[in-house]
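**Q** take a look and give me a structure for this.
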Amino acid sequence: MKLTTHFLLAPTSPLPSAGEILRRVALPFALFCVVLLSFLLLSWFLLFPRIARVDLHGSLVGAGDLRAREQELAAKVALLEEQREEYLSPLDDTAFGRLKVLKAEQPSFLEVRASVLEAAQGAVPEQEDAVAIGSIRYLEGGRRLSITGDVRNVGFQSMTILAQFVETLGHLPGVVSVDPPAFTRESDPVIGPYSPFSLTLTLR
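**A** Prediction:
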């Protein structure tokens, strides 16, 4: 008697398609994205402002306020630079500007004093001490100089040298007029004949 054995194979399930796989992972992936986005938003609005702070002149400034602070500082710097230019630039159209120009045109006391001493030294080329300056004083109440001294060591030409010296003073820069002295000749046992003088210069 012959026995015949038959094996029954279980039916195999078909493989899932790509669409089925996408449908299965879509919901978990969407939940993951929502959780991740929520975490990032919470970090941006709550955690990041606490961490991202800069110490600016002793005060903590958030990263979002740096741009506004930069614009504020830039505006202040521009205003200060504009004010500095107003102070440093020439003020030709104002009373202060005209006063500065007038002051620059007027000679200083030291400049006139140096010119007077130079004129006295060159009054007699071969005798530098012929005109001896005793004092040069600035008079109050106006731009005037009082000059005292004498002409000596030139013999009886002292009055002539004095007249030439007065004329030279009248042509100095910044001198408007000269109040001439009294032309006299006196005698001294030490220096001999001399002509003392006291005159006033009116400056521009």
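**Q** now for the longest strand seen in the chain, which elements pack on it?
**A** For the chain, the strand reaching the highest residue count under DSSP state E is reported as strand 192-203. Under the contact criterion of 3 or more Cβ pairs under 8 Å, 6 or more residues apart in numbering; DSSP states H and E, strand 192-203 touches helix 109-121, strand 144-151, helix 158-170, strand 175-179, strand 186-188. C-betas here are computed from N, CA, C, even on glycine.
**Q** residue 162 - how many residues pack around it?
**A** Residue 162 is flanked by 27 other residues according to other Cβ atoms under 10 Å.
**Q** can you pull the contacts of it?
**A** Taking Cβ atoms under 8 Å, 6 or more residues apart in numbering, we find residue 162 in contact with 131, 151, 181, 183, 195, 197.
**Q** what of residue 18?
**A** By Cβ under 8 Å, 6+ apart, residue 18 lies in contact with nothing.
**Q** and the pLDDT at it?
**A** What the model reports for residue 18 is a pLDDT of 70.
**Q** now the one 3 residues further on
**A** Among the per-residue scores, residue 21 shows a pLDDT of 72.
**Q** coming back round to it: pipe the helices and strands packed on strand 192-203 into TSV and attach mean pLDDT and distance to residue 22 per row.
**A** Formatted as TSV, the entries for these read as follows, by pLDDT from 0 to 100; distance: least, Cβ to Cβ, whole Å:
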stretch	mean pLDDT	distance to residue 22
helix 109-121	89	99
strand 144-151	93	107
helix 158-170	93	112
strand 175-179	91	106
strand 186-188	93	130
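**Q** redo these as TSV? Include distance to residue 204.
**A** Below are the helices and strands packed on strand 192-203 laid out as TSV (distance: least, Cβ to Cβ, whole Å):
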stretch	distance to residue 204
helix 109-121	10
strand 144-151	11
helix 158-170	13
strand 175-179	5
strand 186-188	34
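**Q** out of those, the one nearest residue 41 is which?
**A** Nearest to residue 41, of all the helices and strands packed on strand 192-203, is helix 109-121, at 77.1 Å by Cβ to Cβ.
**Q** where does residue 30 sit, in terms of helix or strand?
**A** Of the helices and strands defined by DSSP states H and E, residue 30 is found in helix 18-42.
**Q** chain center to that helix: distance?
**A** Averaged C-alpha coordinates place helix 18-42 at 65 Å from its chain's average position (Cα atoms, centre = their mean, to the nearest Å).
**Q** picking that back up, need the mean per-residue confidence for the longest strand of the chain.
**A** If you average the pLDDT over strand 192-203, you get 93.
**Q** count of residues packed around the closest residue to residue 194 other than its chain neighbours?
**A** Nearest non-adjacent residue to residue 194, counting by Cβ to Cβ, 6 or more residues apart in numbering: residue 152, 4.1 Å away. By other Cβ under 10 Å, the residues close to residue 152 number 21.
**Q** quick one: residue 152 from residue 82, how far?
**A** Applying Cβ to Cβ, to the nearest Å, one obtains 63 Å for the distance of residue 152 from residue 82.
**Q** quick check: pLDDT value at residue 61.
**A** The confidence metric pLDDT takes the value 63 at residue 61.
**Q** do the same with the one 10 residues further on
**A** Among the per-residue scores, residue 71 shows a pLDDT of 83.
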